[in-house]
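Enquirer: Predicted model and sequence below, questions to follow.
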Amino acid sequence: MRTIILALALTLIAVSHCQTNTCNPACGGNTENDCSDFDSDESLPSNCYSCAAGYIGGAKQKSDGGKLCVPGRCNSACASCHDSSADFCYLCSYKFYDSAANPTRATPCSPCHPSCLSCAGPTANDCLICAPGLFDSLQNPYVPGSCEPCDSKCSYCQGERKNCVEGCCDIGFHHSSSVNPNCVIKELC
């Protein structure tokens, strides 16, 4: 019994000292590129290169050394940011993209084309994820492309214009059956 208790105590001591190689949750990630004290026993929110969502601050880039991240609100273009402007975003929100295309530093986020929910650039051919009512004919969110409109009976379609996703018929329509899942006009009583 004494051996088991001693083994458990040694395990607890070892586990408590194995907390190196982590970043504080206020930082924008958990790698050596996200905080300056990644190898320390305890990472602090004052040593962040970038900040997590819900925080502002950080160093803007790794070469500036770690800086403090505090709870705060970003501009709507940013999912995480250095300050409340849209000029220093660590991560862009939906409908915006990193115009500098540099994930290692805080950069401005620019608007996507209106047909895109997520994009790699400003044009209609840069969409990664299509806005509601549109579909990606390539069916690949990793390859930029254009979005095509769904059939007017669909609020969301996939793969092709008339392929309404189940539960996504537009107002006034419903799926006809599981055999033929087209959206048809609802009949009034």
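Expert: Ah, there it is.
Enquirer: Okay, strands next: where are they in this structure?
Expert: Under the criterion DSSP state E, strands of the chain are mapped to 55-57, 69-71, 78-81, 89-92, 96-98, 109-111, 116-119, 127-130, 134-136, 147-149, 173-175, 183-185.
Enquirer: In JSON lines, list those strands along with mean pLDDT.
Expert: As requested, those are arranged in JSON lines below (pLDDT from 0 to 100):
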{"stretch": "strand 55-57", "mean pLDDT": "93"}
{"stretch": "strand 69-71", "mean pLDDT": "94"}
{"stretch": "strand 78-81", "mean pLDDT": "90"}
{"stretch": "strand 89-92", "mean pLDDT": "90"}
{"stretch": "strand 96-98", "mean pLDDT": "93"}
{"stretch": "strand 109-111", "mean pLDDT": "94"}
{"stretch": "strand 116-119", "mean pLDDT": "93"}
{"stretch": "strand 127-130", "mean pLDDT": "91"}
{"stretch": "strand 134-136", "mean pLDDT": "87"}
{"stretch": "strand 147-149", "mean pLDDT": "90"}
{"stretch": "strand 173-175", "mean pLDDT": "75"}
{"stretch": "strand 183-185", "mean pLDDT": "76"}
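Enquirer: wait, which of these is closest to residue 163?
Expert: Judged by C-beta to C-beta, the one of the strands of the chain that comes nearest to residue 163 is strand 134-136, at 7.9 Å. (Each C-beta comes from the backbone N, C-alpha and C, glycine too.)
Enquirer: who's in contact with the closest one?
Expert: Applying C-beta atoms under 8 Å, 6 or more residues apart in numbering, the external contacts of strand 134-136 come out as 115, 127, 129-130, 145, 147-150, 156-161, 163.
Enquirer: Restricted to buried residues, select the residues you listed in PyMOL.
Expert: In PyMOL, the members of the contacts of strand 134-136 classed as buried (16 or more other C-beta atoms under 10 Å) are selected with the following command:
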select buried, resi 115+127+130+145+147+150+156+157+163
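Enquirer: list the contacts for residue 131?
Expert: Neighbouring residues of residue 131 by C-beta under 8 Å, 6+ apart: 114-117, 147.
Enquirer: What of residue 32?
Expert: Neighbouring residues of residue 32 by C-beta under 8 Å, 6+ apart: 38-39.
Enquirer: And it, how close does it get to residue 21?
Expert: Distance, residue 32 to residue 21, using C-beta to C-beta, to the nearest Å: 8 Å.
Enquirer: Next: residue 90.
Expert: The span separating residue 90 from residue 21 equals 21 Å under the rule C-beta to C-beta.
Enquirer: same check, this time on residue 132
Expert: As for residue 132, its distance to residue 21 is 41 Å (criterion: C-beta to C-beta).
Enquirer: Kindly report the same for residue 164.
Expert: Distance of residue 164 to residue 21, computed by C-beta to C-beta: 48 Å.
Enquirer: Residue 127 too?
Expert: Between residue 127 and residue 21 the distance is 37 Å, computed by C-beta to C-beta.
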